[in-house]
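1. Fold the following.
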Amino acid sequence: MSDEMSKTQRSIIGRVVSDKANKTRTVLVERRVRHPLYGKFIRRSTRLYVHDEGNESRLGDTVRVRECRPLSRLKRFALVEVVSRAQA
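-> Okay, here's the model as predicted:
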């Protein structure tokens, strides 16, 4: 049952921009969208609040997150893995 459920949940890769809160990370997700009239690609970004149970990720890390049930007023995503560590 859990395998079927994980297939429907979105998995997103982003960069940690804040690790100040306990068990919560702010992740910046960037995407490129095409301008409707001029056709130029524009960078758009979204900030997600992510639940990080073990405080594994640090500022600047690239992480993979997944959708989950609402954990607080703003948290709707959970950390899956740290893809790459930031340069220290």
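2. Once you drop chain neighbours, what's closest to residue 84?
-> Spatial nearest neighbour of residue 84, chain neighbours left out: residue 62 (4.6 Å); criterion: C-beta to C-beta, 6 or more residues apart in numbering. From N, CA and C alone the C-beta is placed, and that goes for glycine too.
3. Where do the helices of this structure begin and end?
-> 2-8 (DSSP state H).
4. hey, what's the residue nearest to residue 13 when sequence neighbours are not counted bridged with?
-> Nearest residue to residue 13, sequence neighbours excluded (C-beta to C-beta, 6+ apart): residue 64, at 5.3 Å. Beta bridges link residue 64 to residue 13, residue 81, judged by DSSP bridges.
5. Near residue 64, how many other residues are there?
-> 14 (other C-beta atoms under 10 Å).
6. Residue 47 now?
-> Neighbours around residue 47, by other C-beta under 10 Å: 13.
7. now swap in residue 25 and tell me
-> 27.
8. what does residue 23 give?
-> Residue 23 sits with 13 neighbouring residues when counted by other C-beta under 10 Å.
9. and if you look at residue 77?
-> 25.
10. Would you mark the buried spots in stretch 45-60?
-> 48, 49, 50, 51, 52, 57 (16 or more other C-beta atoms under 10 Å).
11. Which residues does it contact?
-> 12, 14-19, 22-31, 63, 65, 68, 71-72, 74-79, 82, 85-87 (C-beta atoms under 8 Å, 6 or more residues apart in numbering).
12. List the ones among those residues that fall in strands.
-> Secondary structure from DSSP state E places 12, 14-18, 24-31, 63, 65, 77-79, 82 of the contacts of stretch 45-60 in strands.
13. that older thread, now the buried residues of stretch 45-60 as a markdown table including distance to residue 39 and pLDDT?
-> Below are the buried residues of stretch 45-60 laid out as a markdown table (distance: C-beta to C-beta, whole Å; pLDDT from 0 to 100):
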| residue | distance to residue 39 | pLDDT |
| --- | --- | --- |
| 48 | 28 | 96 |
| 49 | 33 | 97 |
| 50 | 33 | 97 |
| 51 | 38 | 97 |
| 52 | 38 | 95 |
| 57 | 36 | 95 |
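14. and which of those is nearest residue 42?
-> Nearest to residue 42, judged by C-beta to C-beta, of the buried residues of stretch 45-60 is residue 48 at 19.6 Å.
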